[in-house]
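Colleague: Sequence first, then the predicted structure, then my questions.
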Amino acid sequence: MRDVFLSNCEKNFIQKIVSEGHVSKNENVYFYKVFVIYLIIFFFNIFQRLDGRNYNESRRLDISFGSEYGSCVVSLGETKVLAQVSCEVTQPKQIRPNEGILYINVEISPMAAPQFEANRQTDLTVYLNRLLEKCYKDSKCIDLESLCIVVEEKVWSLRVDIKILNHAGNLIECASIATLTSLAHFKRPDVTRSGDSVIIHTIAEKDPIPTVLYHYPVCVTFAIFGNDILLSDPSFTEESVCTSSTEEGINTAGGLLVIGMNQYKELCLLDLTGAALYNSNIVHKAIINAADRSKTIVDLVKKNIVSDDTSRQKRVKINFSDIITEDHLLSLSQKDLSIRLKTYNVDDMRTKHENMDEDEDIDVKPEPSKYDGNEVFFILLLAVARDFARVDYYLSILQELCIFPG
Amino acid sequence: MPLDYRRFNGPEDSVSYKRFTKDYLKSYSELYNNLIDEKGRRKDGRALEEARSMCMFFARTDMVSQAKGSAYIELKKTKAVCSVFDPREIPHQNEFSQLGQLFCEVKFAPFSCPNQRRTHAPDADEKALSVALRQALEPTVCRHLFPNYQIDVFVYILENDGSCLAAAINAAGLALANAAVPMYDIITACSVAVIGEKMFVDPTEAEEHLAMMTPEKEGTNHGIITMSMLSELKQVSDFTQIGSMDTDCVTKAIEILEKECENIVPNIQKVLVLNVVQCIEQRKQLEEEAKEREQALNAKMEEWKQLLNSG
Amino acid sequence: MAEIYKLIHPVKYFNDYISRDIRPDGRKFHEQRNIKVNVNSLKTAEASAVVKCGNTTVVCGVQLELATPKAEEPELGFLVTNVELTPLCSSKYRPGPPSDNAQVQSYMLSDIFSNSKCIDLKDLCIVPDKLAWVVYCDIVCLDNDGSLVDACIIALMASLKTLSLPTVTYDPETEEIKVDPDVRTPLKVDGCPVATSFAVYKLTERNILLTDPSAYEEEMCGGLGAHFTVCLNKGLICGNHKFGGSHLLMENQEEVLKIAKERANLVVKVIDSCIKNEKSIDK
Amino acid sequence: MAGLLLSETEKVFILHGVQDDYRSDGRSNIDYRPMELETDVVSHASGSARLRLANTDILVGVKTEIDVPKPDKPDSGRIEFFVDCSANATPEFEGRGGEQLASSISNLMQRAYHSSQAFNLKQLCIFEGKQCWKLYIDILILECGGNLCDAVSLAVKAALFNTRIPFVKAALMDGGNVDLQLSDDPYDSKLLDVGSAPLLVTLCKIGENCVVDPSAEEESCSVISLIVGVTGNRQYYTQEEETDKKTMEGKCTTIAMHGPGSVAPKTLKEAINQGIIAAKSLDEALGQALLRERQENIGFKKHSYGFLK
Amino acid sequence: MGAEEKDLRDFKLQPMKCELNFLSKSDGSAILSQGDTVALVSVNGPLDIKSTSQSIEKSTLEILFCSKGGKPSVADRYKENVIRQTCEKAVLGCLYPRTGITITIQELEDFGGFLSCALNCACLALLNSGVSLRHVFACVTCGVDEKGEVVLGGRGCDTQISCVFDSIDKTLITCFSEGTYSEGTYLEAVARCRAASELVFAFYRDVVSKYSNAI
């Protein structure tokens, strides 16, 4: 299976919701065929993005640690990345005899998405690898000199393995958070030198040493729409829309913008494509946004590591099996959710719900969210949506619905 | 060198223990004296111009059951196996090629060389031998008979005690014949090592090693020549020389090799004839068995017929 | 005629034989092929063995090298086994790096070998943390006609049993190494693991076990690793492998173990008598 | 050569020309086409040369590095050849097309330089068993117009002639390590003795005769060619009149065959002789050109041309 | 069967935890923990693959095993082969000719018995993906302790025997072992694994019914 392509119709649609404040009646007709899409356009006034987020809103960030030091799974919405740091003693490079070595390796297996082939380097892999290298190696955030054991003979070589488990957009940000977290979390075995020989202590013998990080850089990604709209944390669809060009050439004003920044709001990396290349205003705007975002991310990462450390000291077993949750299993049906309304609260919902119950055919069911209790999900099953004949009826209900929120 | 993750690897810094033995480095003259005794005979008792083809030659076909044709050759200690497979379409080729192609690969077993362990990845030596083997075989195979197809010839050298290219060519010639690939002529090959005035026909590994070393006296000839011939057609299909020698020496070597290549032919012929005889015998036996079975069947049929007729 | 039949209807051809209680090569179900062993035929290797089980031919060559032991295990030497499936042994293999199949065979071999614990890696250490032997065992397949692992284990064990290590003197002051190849001590080998493969063929209502299957029989019974391999060392099982293929019933298993045991005894006898022969010739 | 189609009569014409030792472009059978050679074209390399023979364009750079000698040859240096057949030489090299040719050329060069009588590796030794020079010879094929082997060997010899190796003093320290002392003056360097370095001559068999330096048309008439590597003569490469007037006979350092055909033993012998004669004249011409070039260099009168400067 | 029932009471499998559809982009996925060992498996397919690896009779299984620490090794290929052969038997490949089914296994935590965990996880992921199966399979590992007693789960034992059984006849599909053991131990271990496989099948049923309730 090769790449998943978006239809022009889909592309245009997403363009429209993001870039225009409203959609005229005539254009509504253009999307009439795809009912769900039609709906969303109708609702454009109450949300800004397909999944109901604001321009500036990111998906939920979750970090969980494995049993070993330096292994973590980071999930940003549905995007999931596994990072593992390992270390070994090697000979240093000749030009830098007193520095350790940092090696970053990104792998995208068919697990991430079916279009990827096994054991094959794609452009995306190389691009991602290079970005992470720029962000963590070239920014000199790691004290490589502290990794030296014997000058010109023995140094620690750290290897960060990044495995993409699920590719649902914004890999760069997710992978960079994973890299940062695993590096910050990692502890290497202690070493003592006695004369010529070097003794490596196991973790049981001596407490391991954490890696020294001078600063915590994070890559933040923005999708650019219509020349001046910035979407933080773009989803897979948003990414593919803003980087592809449509036949009509509407989308020349799109592009991805990657900003690497540390918690002190210092810029470490800038990767521009598309509109960002010629529009300096948007870059400025993005940098301001990125500063806040990177601060929150780094704070979260630090907080997580600290709490992990304290629970480890209490000898609580930490293991990846903690990711598996029962309630997650029960809320599985939400995973295919395509539309989320933002400004709804449960009370509004209830009144409306009674309304809907009158008609059994309508399969709009509210359920408590696994993300946030106050928000409400709408599951619109496409099977019902295909029932074009009832379009007007749906519209009338939905119209009513949108009068309610303030 | 990146680590080969498809195999089990030993430690990176391992070295053969032979490097630490007393007689690892010997002087040139010492080595030379080791090769030849006072009577001018070589270590294994041969005269200088005597090849191993006469007494120390062993060859057989049908070595590998899974291959179309195969052969095994032993020149005293040098051992080579060769197998030939059915023609197959040339992979990754867009253009039509009028002539069939030969794909040759010569590989040394990791334990085939006395002093160092061979790496698994093909080294320059193996590549050069593969090219030379293809060069030697191309003129003898009727390549026009299988256009756009390729025949794979694989040679594996189990033990290298000199003249491995010659052994590889001889084995490949036998295997091709065994696989019933149409050929113009029997192909044979032989090599000679030149050290000064002396010519070691069909050299052993030690002789080859010395011939490749720099002689003490400036300007002496040294080197190795391998030549393969189509004996009936009197054509040289491959000629490789390395070292340093003057024209007279080369000319002389050519003459010796020409003779020697012809000497091997009867050996090869004998093996092939044996092969044919075996085939015929096998066929005969199979036919007889079939006949027996047919008779038995007929008898049974008769019985049934009688049974049917009777009731 | 028979060959064409085999080409066109490989399954039916096989079925015809099996349902008549005989195998295509004329063997009975539990009959194994002849085993021929020849040790020390290669002079360039420290120890070597050529093994033929029917048509399957493998050559094992052992080479010795010296290295510093791993920092984590300073008292252990190294023993590296690799199975090489050369392109010449079957048209299935192409030249180049080892295929997945070759890697699986290599792994199975080294797994069985390390499980049997017949060689103590401590014996291979000369000076702890400084110097140890590296024993490279390369097993080359010249002709693959089924039951490859069985033949490989025989070749490996036969060559290891003839292996002897030269004496090494190591000077801790100057770190100088001296090797005397004339004074040798034989390597201690404890026991002798022997593997026996069985192909399981599911004939309607009946599961048939074929001992020591040929390449064709293996293919018919499910391919790569689908046959059941039992490995015995001194009466103890040191590995059994079966991956997919036809189901194996409980009652078959006892039968399998019995045959494997008999064969293990036989193979050990073959190897020992072969080594004895070789030694008597040497003298 | 792809795209070159000759009719039978054209082939016969070429063949007759070769028979009469008068080829279609006016050369005799052992004549080369005109060549263009310049040395010291790459400032970063220790030695370099560029050679153009008809349409074949070759750039050779020599790099030196300090390395450990091979354990079985403790007193010699090392030399390695790398040939790069890039796709801009000819479209056929695209992808992995040039790889085989490249490895066969580098292999041929390695074999030709193997004998110490061709190139003495002992002059690269710094400290026996511990340190030696390693020469990396990078051969870049800029344009491929046939007869690559000959051109490569000429360019390599010229580049080696041009190579300067810094003087290094080596002293054994305790602990078995070698201390190297390099002079501060970058011009404090020595030249290599490359007089006897071999040249490769490709002899293309057309009809019963062999020709050197075949054109593309001639190449398509032949099924087999013979490559002979012949040692050079030191005399051609020094200005000093050697008192020892003994003319050194060219020796074969390597012989190989290329092409799908075969030859009779008699032709083989003749071809080898012919190759040695051709190599001798070629060697003499090369020596003169290189000496002249060096002379000009010393007097800063060198008129440099070519696209690389 | 009396003896076996007693065994069932005596032995407990390591606690198992599972989540289906863990990954949104894969056709089927499962994450499974057995004790402290955790595996993540994704199944994609049937989908279009290279023409060279297509088979006209059945769909081709492509197995990819990713260890946690990056570098591939020979042992990974072996594990891939075990999983491939076992799944090949279970998947009704003849329904999807000329296609490929990709199974990717990611190691998350290995505290022993990873291959057994990966096999069970692969089975759950196959169930989740909706690929037609002949039968489901369950892998159970037994350890042999110092006294020569057979222990289910067998964490920390040098000698381990793992068996895979199918859900229909409860016959042996795959088995592999570590260490040395006697014949009797082997037969006992196989019998115990077979009894314990019932528990695993029950667990499968539980997970799948919960999942289907959720939808």
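Modeller: Looks like it came in fine.

Colleague: Could you tell me the model confidence score at the nearest residue to C:Phe29 once chain neighbours are set aside?
Modeller: Of all residues not flanking C:Phe29 in the chain, C:Leu210 sits nearest, at 5.8 Å (Cβ to Cβ, 6 or more residues apart in numbering or on different chains). Any C-beta I mention is one placed from the backbone N, CA and C, and that applies to glycine too. Each residue has a pLDDT score; the one for C:Leu210 is 88.

Colleague: any chance you could map the helices in the stretch 101-250 of chain D?
Modeller: Remark: helices assigned in the stretch 101-250 of chain D by DSSP state H, counting those that start in this stretch are D:148-162, D:216-219.

Colleague: wait, which of these is closest to chain C?
Modeller: With Cβ to the nearest Cβ, the closest approach to chain C among those belongs to helix D:148-162: 26.7 Å.

Colleague: can you tell me the helix or strand for the residue sitting nearest the centre point of chain E?
Modeller: The residue lying closest to the centre of chain E (Cα atoms, centre = their mean) is E:Leu119, at 1.7 Å. According to DSSP states H and E, E:Leu119 maps onto helix E:114-129.

Colleague: One more: D:Gly26?
Modeller: With DSSP H and E as the test, D:Gly26 turns up in no helix or strand.

Colleague: Kindly provide the distance from the residue in the stretch 201-311 of chain B that chain A sits nearest to to D:Ser76.
Modeller: Here the stretch 201-311 of chain B gets closest to chain A at one residue, B:Thr214, 32.9 Å apart by Cβ to the nearest Cβ. B:Thr214 sits 8 Å away from D:Ser76, going by Cβ to Cβ, to the nearest Å.

Colleague: Residues that sit against both of those two, list them.
Modeller: D:Ser116 (Cβ atoms under 8 Å, 6 or more residues apart in numbering or on different chains).

Colleague: okay, now A:Ala112: neighbour count?
Modeller: Residues near A:Ala112, counting by other Cβ atoms under 10 Å in any protein chain shown, number 25.

Colleague: ditto for D:Gln181
Modeller: Here the count is done by other Cβ under 10 Å, and D:Gln181 has 9 residues near it.

Colleague: Can you tell me the closest non-neighbouring residue to B:Thr188?
Modeller: Once flanking residues are discounted, B:Thr188 sits nearest to B:Ile264: 4.2 Å by Cβ to Cβ, 6+ apart.

Colleague: and that neighbour, what element?
Modeller: Using DSSP H and E, B:Ile264 falls in helix B:247-310.

Colleague: tell me which strands and helices that helix is in contact with?
Modeller: On a contact count with 3 or more Cβ pairs under 8 Å, 6 or more residues apart in numbering or on different chains; DSSP states H and E, helix B:247-310 meets strand B:57-61, helix B:164-178, strand B:187-195, strand B:198-201, strand B:222-230, strand D:252-258, helix D:265-298.

Colleague: got the phi/psi numbers for the closest residue to E:Asp110 other than its chain neighbours?
Modeller: Distances taken as Cβ to Cβ, 6+ apart put E:Thr37 closest to E:Asp110, at 5.8 Å, once the chain neighbours are dropped. When read as degrees, to the nearest 10, the backbone of E:Thr37 gives phi -90, psi 130.

Colleague: Check C:Thr174 too.
Modeller: Torsion angles at C:Thr174 (phi, psi; degrees, to the nearest 10) stand at phi -100, psi 0.

Colleague: any idea of the pLDDT on it?
Modeller: 78.

Colleague: How about B:Leu308?
Modeller: 89.

Colleague: Output the lowest mean pLDDT helix or strand found in chain D.
Modeller: Lowest on mean pLDDT, DSSP states H and E among the helices and strands of chain D sits strand D:178-182, with a mean of 78.

Colleague: Just give the nearest non-adjacent residue to the one residue sitting closest to the centre of chain D, would you?
Modeller: Closest residue to the average C-alpha location of chain D: D:Ser153 at 1.2 Å, with Cα atoms, centre = their mean. Spatial nearest neighbour of D:Ser153, excluding adjacent residues (Cβ to Cβ, 6+ apart): D:Leu200 at 3.9 Å.

Colleague: Bridged to the one you found, which residues?
Modeller: With DSSP bridges as the criterion, D:Leu200 is bridged to D:Gly229.

Colleague: Next up, the contacts around it.
Modeller: With contacts defined as Cβ under 8 Å, 6+ apart, D:Leu200 is in contact with D:Leu108, D:Met109, D:Ala112, D:Cys149, D:Asp150, D:Val152, D:Ser153, D:Ile227, D:Val228, D:Gly229, D:Val230, D:Thr254.

Colleague: D:Cys204 is in contact with the fifth one, correct?
Modeller: No: here D:Asp150 lies out of contact with D:Cys204, judged by Cβ atoms under 8 Å, at a distance of 10.9 Å.

Colleague: Overlap in contacts, the two.
Modeller: Jointly contacting D:Asp150 and D:Cys204 under the rule Cβ under 8 Å, 6+ apart are D:Val212.

Colleague: For chain C, give me its nearest residue in the stretch 1-150 of chain B.
Modeller: B:Phe111 (3.0 Å).

Colleague: any idea how far that residue lies from D:Val223?
Modeller: Applying Cβ to Cβ to B:Phe111 and D:Val223 gives a distance of 40 Å.

Colleague: out of the two, which sits in the more crowded spot?
Modeller: Using other Cβ under 10 Å as the criterion, B:Phe111 and D:Val223 rank with B:Phe111 on top: 27 against 15.

Colleague: Show the contacting residues for that one.
Modeller: Applying Cβ under 8 Å, 6+ apart, we find B:Phe111 in contact with B:Arg117, B:Arg118, C:Leu42, C:Thr44, C:Ala45, C:Ser48, C:Gly61, C:Val62, C:Gln63, C:Tyr136, C:Asp138.

Colleague: can I get these in CSV with secondary structure, neighbour count and distance to E:Gly69?
Modeller: Shown next, in CSV, are the contacts of B:Phe111 (DSSP: H, G, I helix; E, B strand; the rest coil; neighbours: other Cβ atoms under 10 Å in any protein chain shown; distance: Cβ to Cβ, whole Å):
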residue, secondary structure, neighbour count, distance to E:Gly69
B:Arg117, coil, 21, 29
B:Arg118, coil, 20, 31
C:Leu42, coil, 24, 38
C:Thr44, coil, 20, 38
C:Ala45, coil, 29, 35
C:Ser48, strand, 28, 36
C:Gly61, strand, 26, 33
C:Val62, strand, 24, 31
C:Gln63, strand, 26, 30
C:Tyr136, strand, 23, 26
C:Asp138, strand, 25, 28
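
Colleague: List just the nearest of the contacts of D:Leu200 to E:Asn81.
Modeller: Among the contacts of D:Leu200, D:Leu108 lies closest to E:Asn81 (Cβ to Cβ), at 43.1 Å.

Colleague: Quick check, the closest one in contact with D:Ile255.
Modeller: No: D:Leu108 sits out of contact with D:Ile255 when judged by Cβ under 8 Å, with a separation of 10.2 Å.

Colleague: pLDDT weak spots in the stretch 51-200 of chain B?
Modeller: B:54-56 (pLDDT under 70).
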